[in-house]
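J.: Fold the following and give me the result.
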Amino acid sequence: MIRIEIPGTGPVNIQNLMFDYNGTIAADGRLLDGVGPAMNRLAHQLDFHVVTADTFGSVQAQLEGVTANVVLISNQEQDQKKLDVLNAIGADTTMAVGNGINDALMLKHARLGAAVLGEEGMALPALMSADVIVRHILDVFAFFENPKRLIATLRN
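T.: Okay, the predicted model is just below:
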């Protein structure tokens, strides 16, 4: 668990990072460079969950050797299924990360929600549901390697 003291907000305790796959940590079914090593570097402090319908059928192979729990969901009601996973792992200690319409509920209900403006773009509902917007997925990992970045963004 990582504890971050955010002035005006109070302490934020994060145990889980929950990711959408395509458009967030992967593009066209391929894990983005640097994501696997970043997860493995932080795996002693955080639990990683990748929730996906696996459009390209590649998530298991792409995450081989990466310390992450993969949760496969069907194509129907993905937003609700992702919210169900969030609630099961504990919304109050989770940062959810995504970019699509089907990520908006998990971004809104997680302790912290981060929307990623990646190669696939970002859906407006994801933008409006997030606490913070990042330009690249590696920026999310940087928040935990250098918490002052997150503090600077979220302090009041």
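J.: ok, the residue nearest in space to the middle of the chain - contacts?
T.: Centroid-nearest residue in the chain, with Cα atoms, centre = their mean: residue 97, separated by 2.5 Å. Listed by Cβ atoms under 8 Å, 6 or more residues apart in numbering, the contact partners of residue 97 are 17-20, 24-25, 107, 113-116, 137, 140. Any C-beta I mention is one placed from the backbone N, CA and C, and that applies to glycine too.
J.: Residue 131 too?
T.: 107, 112, 113, 114, 154.
J.: go again using 7 Å as the cut-off
T.: Residues counted as contacts of residue 131 (Cβ atoms under 7 Å, 6 or more residues apart in numbering) are 112, 113, 114, 154.
J.: one step back: any idea which helix or strand comes after the helix or strand in which the residue nearest to the centre of the chain is found?
T.: With elements taken from DSSP states H and E, the one containing residue 97 is strand 94-98. Scanning the chain past strand 94-98 towards its C-terminal end, the next helix or strand to appear is helix 104-109 (assignment: DSSP H and E).
J.: What residues of the helix or strand following that following helix count as buried?
T.: Taking DSSP H and E as the definition, the helix or strand that follows helix 104-109 towards the C-terminus is strand 112-116. Within strand 112-116, the residues that qualify as buried are 112, 113, 114, 115, 116, counting by 16 or more other Cβ atoms under 10 Å.
J.: For strand 112-116, output the C-alpha coordinates as CSV.
T.: What follows is strand 112-116 as a C-alpha-only set of coordinates in CSV (Å, rounded to 0.1, in the frame of the first residue of the first chain):
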residue,chain,number,x,y,z
LEU,A,112,-8.7,8.0,-7.6
GLY,A,113,-9.5,7.9,-11.3
ALA,A,114,-6.9,8.6,-14.0
ALA,A,115,-7.9,9.0,-17.6
VAL,A,116,-5.2,8.4,-20.2
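J.: neighbouring contacts of the biggest helix by length in the chain?
T.: Assignment by DSSP state H gives helix 78-89 as the longest helix of the chain. Helix 78-89 has contacts (Cβ under 7 Å, 6+ apart) with 16, 18, 49, 51, 53, 71, 73, 94, 96, 102-106, 109-110.
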